[in-house]
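make a model of this:
(chains A, B, C and D)
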There are 2 protein chains.
Amino acid sequence: MNFTKVLQNIGKHISLTQEEEEYFTRSLQVKTIKKGDLVLSEGQHCQYIDFVNAGILRAYHLTPRGKESTLMFAMPDWWITDMASFVKGAPALINIEAVESGEILRLSKPDMDLLLEEVPKFEKCFRVLFQNAYIREQVRSIENLTLSAEQRYDRFIGKYPKLCSKITQKQIASYLGITPEFLSSIRAQRK
Amino acid sequence: MNFTKVLQNIGKHISLTQEEEEYFTRSLQVKTIKKGDLVLSEGQHCQYIDFVNAGILRAYHLTPRGKESTLMFAMPDWWITDMASFVKGAPALINIEAVESGEILRLSKPDMDLLLEEVPKFEKCFRVLFQNAYIREQVRSIENLTLSAEQRYDRFIGKYPKLCSKITQKQIASYLGITPEFLSSIRAQRK
DNA sequence: CGTCTATTTGAATGTACTCAAAAGCGGTGG
DNA sequence: CCACCGCTTTTGAGTACATTCAAATAGACG
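A predicted model of the protein is given here:
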């Protein structure tokens, strides 16, 4: 149970008193995750927004034909959730699984609502968090519309070099929206 | 100069006193837009987040080869900006043009920062706004990774039926990430 | 009315996918 | 500690989806 990282993360945006920190950390549920664990399944109601303390999570959608499409990876210090399901209670469109064991801190919707009421400073914190999440998605949309598969691969390894060594090519391919076979052939051309 | 719409939009998330409403509307700059006007150009610093009072805006990226990729359309009651440029001062990645004449209300970054300081309630308002923007982008990412061009077209006309009648097919194609010729052939098959 | 752009159509091309099979690699149990 | 099993990665052939280019037609706007 180590809250240092999440308090630092929050501390980037707002400064909290001792009491506020304690109120906040009491709202969090600690969960150990083992490689392969599903912390959210498609169709479920997503009850939490999760902070990654250690390990790596992956959010992906499964098509009827069994094809995986990876929406995002979450490394330590990242937040992850199915926002539509978390906020509106809609059935989740994604699965979230651990690709590396670790620990997450979970904030439930009711607890988040309470937190925002009791400590309104957190509005700013989440405003900035969601702003940044939106920025990332805007940029990704542009890149997906504009760049070829090969260029997207370059951007990916440029942007997340550490991540690349910890996940499979199949997972990278599914993030890029291409087949593992095609990614393999892109890599083969470069040697 | 009609602030009814934007006050209603804000009112969905927070309730304001008379004074707060006035403070807010004084922060806004009214700008008339004519079809074809560029309200933001690639490479510029995006200074405003814009609320569409009337008309339609389109955000698009232009590749070196002159290919357009549409990131989003903004109809009345929508907010639009190049968030990365607006927040971090980075050069804008997108152009924003009027595809239909109308009027926008512009909030500059300094004015927004002041507003958030003076009337902290607005943190909640923007938190929810950005949350929803993020949701839209998450869903769009999933659809782009998962669906064929034809299926994406169906989703688009299902989601924005009014919009479809007001924009060109070329613009729809550029939103879907396909060529206008290919969109034309998809449509031809259906008759 | 004339011009400019959007849309349609079709042929040739290219990019990425499917399917299948082989090779590599990591983890597990004997 | 090694052998085996399952999954990932590679490779290649054939295919499908989407693009490019070009030319004809239709529509919009001044």
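
how close does the residue lying closest to A:Leu62 once chain neighbours are set aside sit to DNA strand C?
Once flanking residues are discounted, A:Leu62 sits nearest to A:Glu68: 5.9 Å by C-beta to C-beta, 6 or more residues apart in numbering or on different chains. From N, CA and C alone the C-beta is placed, and that goes for glycine too. Look at A:Glu68 and DNA strand C: by C-beta to the nearest atom of the strand, to the nearest Å, they are 11 Å apart.

A:Glu68 against A:Glu42, yeah?
No: look at A:Glu68 against A:Glu42 with C-beta atoms under 8 Å: they stay out of range, at 11.2 Å.

what touches both of the two?
Common neighbours of A:Glu68 and A:Glu42 (criterion: C-beta atoms under 8 Å, 6 or more residues apart in numbering or on different chains): A:His61, A:Leu62.

the residue of chain A found nearest DNA strand C: neighbour count?
Of all residues in chain A, A:Phe182 sits closest to DNA strand C, at 3.1 Å by C-beta to the nearest atom of the strand. By other C-beta atoms under 10 Å in any protein chain shown, the residues close to A:Phe182 number 14.

give me the nearest residue to it, chain neighbours excluded.
A:Phe182's closest residue in space is A:Ala149 (C-beta to C-beta, 6+ apart), at 6.7 Å.

before we move on, what about A:Phe86?
A:Cys46 (4.7 Å).

do the same with A:Val39
Closest to A:Val39 by C-beta to C-beta, 6+ apart is A:Ile96, at 4.9 Å.

wait, does the lengthiest helix in chain A contact DNA strand C?
For chain A, the longest helix by residue count, based on DSSP state H, is helix A:121-146. No: on the criterion C-beta under 7 Å from any atom of the strand, helix A:121-146 is out of touch with DNA strand C, staying 10.9 Å away.

do that helix and chain B meet?
Yes: shown here: helix A:121-146 in contact with chain B (C-beta under 8 Å from any C-beta of the partner chain) through A:123-124, A:126-127, A:130-131, A:133-135, A:137-142, A:144-146.

try stretch A:104-115
No: figure legend: stretch A:104-115 not in contact with chain B (C-beta under 8 Å from any C-beta); closest approach 10.9 Å.

okay, now the unreliable bits of chain A?
Chain A contains residues with pLDDT under 70 at A:1, A:191.

strands along that one, start to end?
A:28-33, A:38-40, A:48-62, A:68-74, A:79-80, A:95-108 (DSSP state E).

redo those strands as a markdown table? Include mean neighbour count.
What follows is the strands of chain A, written out as a markdown table (neighbours: other C-beta atoms under 10 Å in any protein chain shown):
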| stretch | mean neighbour count |
| --- | --- |
| strand A:28-33 | 17 |
| strand A:38-40 | 18 |
| strand A:48-62 | 22 |
| strand A:68-74 | 21 |
| strand A:79-80 | 22 |
| strand A:95-108 | 20 |
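
mind putting those in TSV, distance to B:Tyr175 included?
Below are the strands of chain A laid out as TSV (distance: least, C-beta to C-beta, whole Å):
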stretch	distance to B:Tyr175
strand A:28-33	37
strand A:38-40	29
strand A:48-62	20
strand A:68-74	19
strand A:79-80	27
strand A:95-108	27
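
contacting residues around stretch A:21-37?
Counting by C-beta under 8 Å, 6+ apart, A:1, A:3, A:6-7, A:10, A:16, A:39, A:48, A:51, A:55, A:57, A:97-108, A:111-112, A:114-115, A:118-119, A:122 sit against stretch A:21-37.

how far out from the middle of the chain is stretch A:153-161?
17 Å (C-alpha atoms, centre = their mean, to the nearest Å).

is chain B contacted by that stretch?
No: Stretch A:153-161 stays clear of chain B (C-beta under 8 Å from any C-beta), getting no nearer than 13.1 Å.
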